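In: quick one: sequence plus predicted model below, questions after.
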Amino acid sequence: MYILFIMSIPSQNPIPFDRPVSYQISVQGRIDPNWADLLEGMTIYVTKREGVPSVTTLEGMLSDQAALAGVLNTLYELHLPVLSVVCQSYSPASDKTELIGDNPPEEPISEKSRQGG
């Protein structure tokens, strides 16, 4: 069994670790749509084709990476093989807080320039 992780958005800035991100997660097997609350409120779609196992697709905004880990852990506990995890979109930080890795300085800061001289 192979797990495919796809990042579908080209990114010069890293995906924020602590910000909401929209994901699409596909698993082999069927999840009842009533289980949405256990899966962070993600929308659940089940596709059934003749002669092949059902595929369930979860779509929705997750509050942060911890929420993503929680959803993936729940799927693991349900013994559902993960087929793909796709990052669909995210909103860059709207405040002035700089995320680690965002807009690194063009050139290294020397000790002299840090001291203002």
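Out: Yep, it's here.
In: quick one, strands of the chain?
Out: Using DSSP state E, the strands assigned to the chain run over residues 4-7, 21-28, 43-47, 55-62, 82-90.
In: the third one packs against which elements?
Out: Contact partners of strand 43-47 among helices and strands, from 3 or more C-beta pairs under 8 Å, 6 or more residues apart in numbering; DSSP states H and E: strand 55-62. Using the backbone N, CA and C atoms, a C-beta is placed for each residue, glycine as well.
In: so which bits of the strand it packs on are buried?
Out: 55-58, 60-62 (16 or more other C-beta atoms under 10 Å).
In: which stretch among the strands of the chain comes nearest residue 37?
Out: Counting by C-beta to C-beta, residue 37 lies closest to strand 43-47 out of the strands of the chain; the figure is 10.7 Å.
In: got a list of what the residue lying closest to residue 53 once chain neighbours are set aside touches?
Out: Taking C-beta to C-beta, 6 or more residues apart in numbering, and ignoring the residues beside it in sequence, residue 53 has residue 28 as its nearest neighbour in space, at 5.3 Å. Residue 28 makes contact with 53-55, 80-81, 83, according to C-beta atoms under 8 Å, 6 or more residues apart in numbering.
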